[in-house]
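Peer 1: Sharing a model prediction with you, sequence too.
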Amino acid sequence: AQYREAQAFEKFGSDLDPVTKFKLMRGVRLVEILRQGQYEPLGVSKQIITIFAGIKGFLDKSSIEEVRAFVKFVNSDEARWTDKSRYWDFVEEGIRLAGYKLTDLTRAGLSAILADYFSRTPLPASRASL
């Protein structure tokens, strides 16, 4: 709701304070995370991973193209072929076994693999076709 209010306020061309600009840009990224192509559904555990990345600020410095590439990366098998593949599998399985909830253990594991993913330059999925 805050995102939609800020978005409407921005259309009037008003100067926005830094906090509002930050919320607006995070909202843009979160909306992009939630978009799914027709016949390209994201599994529940993968949705949790991408939403967690957006809410916890891992995507704050990413462009919209990088956000799309990240979602595509999570939804593809490419994550299974990285040097961190066992961690991706562990987190996804942990989310499923916990009834699609984040436990402290899966939250810590997810934070670690996301920090690793977003610390790379270029990002691993940036070479994926958009």
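Peer 2: Right, received. Where do you want to start? Just so it is clear, the model here is predicted, and its values are computed rather than measured.

Peer 1: which residue packs closest to the most centrally placed residue in the chain, ignoring adjacent ones?
Peer 2: Residue closest to the mean C-alpha point of the chain, counted by CA atoms, centre = their mean, is Thr50 at 3.4 Å. In space, Thr50 comes closest to Ile33 once its chain neighbours are excluded; the distance is 4.8 Å by CB to CB, 6 or more residues apart in numbering. All C-beta spots, glycine's among them, are computed from the backbone N, C-alpha and C.

Peer 1: In three-state terms, label the one you found for me.
Peer 2: Using DSSP: H, G, I helix; E, B strand; the rest coil, the secondary structure recorded for Ile33 is helix.

Peer 1: what's it in contact with, if anything?
Peer 2: Contact analysis of Ile33 by CB atoms under 8 Å, 6 or more residues apart in numbering lists Thr50, Ile51, Ala53, Gly54, Leu59, Val67, Val71.

Peer 1: how about the helices of this protein, start to end?
Peer 2: Assigned helices in the chain, in chain order: 2-11, 18-34, 44-55, 64-75, 85-97, 104-119 (criterion: DSSP state H).

Peer 1: Give me the buried positions along the fifth one.
Peer 2: Looking back up the chat, that one is helix 85-97. Tyr87, Trp88, Phe90, Val91, Glu92, Gly94, Ile95 (16 or more other CB atoms under 10 Å).
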